[in-house]
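> Prediction below, plus the sequence it came from.
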Amino acid sequence: MVTQEQRKRQLAREKFLRQQQRRTAARRRARVRNSVIASVLGVIVVGSLTLYTTGVLKDDDDKSNASAESTPSSTPSAIKDPCEKAAAGSVKTQTWKKEPAVTIDKSAKYTMKLATTCGDIDVALKTSAAPHTVNSFSFLAGKGYFDHTKCHRLTTNGIYVLQCGDPTGSGSGGPGYTIPDENLKDASLKDNVYPAGTVAMANTGQAHTGGSQFFLVYQDSSLPPSYTPFGTVSAEGLTVLKKIAAAGENTGAGDGAPNATVVINKATVTKS
């Protein structure tokens, strides 16, 4: 007998997967259409892309998830933003055609530090279990890819995650390449639960579709073991995540942009 709470969690998981799939579909459509526009219209491409970016993509994102741009102010007046002002700087938009060669020492320990406007989040990376993922994060962090980016999604119903890693802030951005799934049989994943403190890759719901987006679990969450777990947040970092979660998200429905202004000022990956 499926309880009402179990059904509620199942629906939340299914919604999470559908939204991931819609974001990736939107990204693929954008690439194809932009390519066609560029080849046919030449100099008119600038105007056409402007219309496309402000029209089609925006509508897609509005339907699939409530981004930080969905309201003039993402923080309701009754909720105090617990985070500081973001450091000066701009988001980088560089992409790459293929996954970087694995250059990390697979036998060494690596840590990732996310210096955010809400506090530092330190992550112990699972290098030997997820070498492609850790290598990709080391590469992207070294390029400043995550610097000044917003964590664009907070889920507070059914699953409990903060999602980051998209320079566009729309939920459809990525580095231009994908990496393979790894470590899906990690000992920490029991009974289809990603425990609090887990850092895992977001994907489209299909195998080997991870890019740069990742999510940080602040409370045990029921999810199928389809998302590469590649790190564990420190106790102090988990406190920061819970502070962000406590401020809620901007739709009131349990899945939207965080009310807290969560910006990654600087991301670094360091060999211990």
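Received the coordinates, thanks. For clarity, every value in this text was computed on a predicted model and none was experimentally measured.
> Which positions in the helix or strand hosting Leu140 come out as buried?
Using DSSP states H and E, Leu140 falls within helix 131-142. By neighbour count with 16 or more other Cβ atoms under 10 Å, helix 131-142 contains the buried residues Pro131, His132, Thr133, Val134, Asn135, Ser136, Phe137, Ser138, Phe139, Leu140, Ala141. (Each C-beta comes from the backbone N, C-alpha and C, glycine too.)
> Tell me if I'm right that the last one and Val269 touch.
Going back to what we said before, that points to Ala141. Yes - contact status for Ala141 versus Val269: in contact at 4.6 Å, counting by Cβ atoms under 8 Å.
> Could you tell me which residues touch both of these two?
Counting by Cβ atoms under 8 Å, 6 or more residues apart in numbering, the contacts common to Ala141 and Val269 are Met112.
> quick check, nearest of the buried residues of helix 131-142 to Gln10?
Nearest to Gln10 among the buried residues of helix 131-142 is Thr133, at 27.2 Å by Cβ to Cβ.
> what pairs with Asn157 across the strands?
The partner list for Asn157 in beta bridges (DSSP bridges) reads Ile159.
> now the buried residues of helix 131-142 as JSON lines including distance to Arg18 and pLDDT?
JSON lines is the format used below for these (distance: Cβ to Cβ, whole Å; pLDDT from 0 to 100):
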{"residue": "Pro131", "distance to Arg18": "30", "pLDDT": "98"}
{"residue": "His132", "distance to Arg18": "26", "pLDDT": "98"}
{"residue": "Thr133", "distance to Arg18": "24", "pLDDT": "98"}
{"residue": "Val134", "distance to Arg18": "29", "pLDDT": "98"}
{"residue": "Asn135", "distance to Arg18": "30", "pLDDT": "98"}
{"residue": "Ser136", "distance to Arg18": "25", "pLDDT": "98"}
{"residue": "Phe137", "distance to Arg18": "26", "pLDDT": "98"}
{"residue": "Ser138", "distance to Arg18": "31", "pLDDT": "98"}
{"residue": "Phe139", "distance to Arg18": "30", "pLDDT": "98"}
{"residue": "Leu140", "distance to Arg18": "27", "pLDDT": "98"}
{"residue": "Ala141", "distance to Arg18": "30", "pLDDT": "98"}
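> now the helices: where do they sit in the protein?
Counting by DSSP state H, the chain has these helices, from start to end: 4-41, 45-52, 58-64, 131-142, 235-246.
> How about Lys126: what's its closest non-neighbour residue?
Spatial nearest neighbour of Lys126, excluding adjacent residues (Cβ to Cβ, 6 or more residues apart in numbering): Phe230 at 5.3 Å.
> swap that for Leu11, please
Nearest non-adjacent residue to Leu11, counting by Cβ to Cβ, 6+ apart: Gly158, 7.0 Å away.
> Please apply the same query to Thr270.
Using Cβ to Cβ, 6+ apart and skipping residues adjacent in sequence, the residue nearest Thr270 is Thr111, 5.5 Å away.
> residues touching the one you found, list them.
Asp122, Val123, Ala124, Leu125, Val269, Thr270, Ser272.
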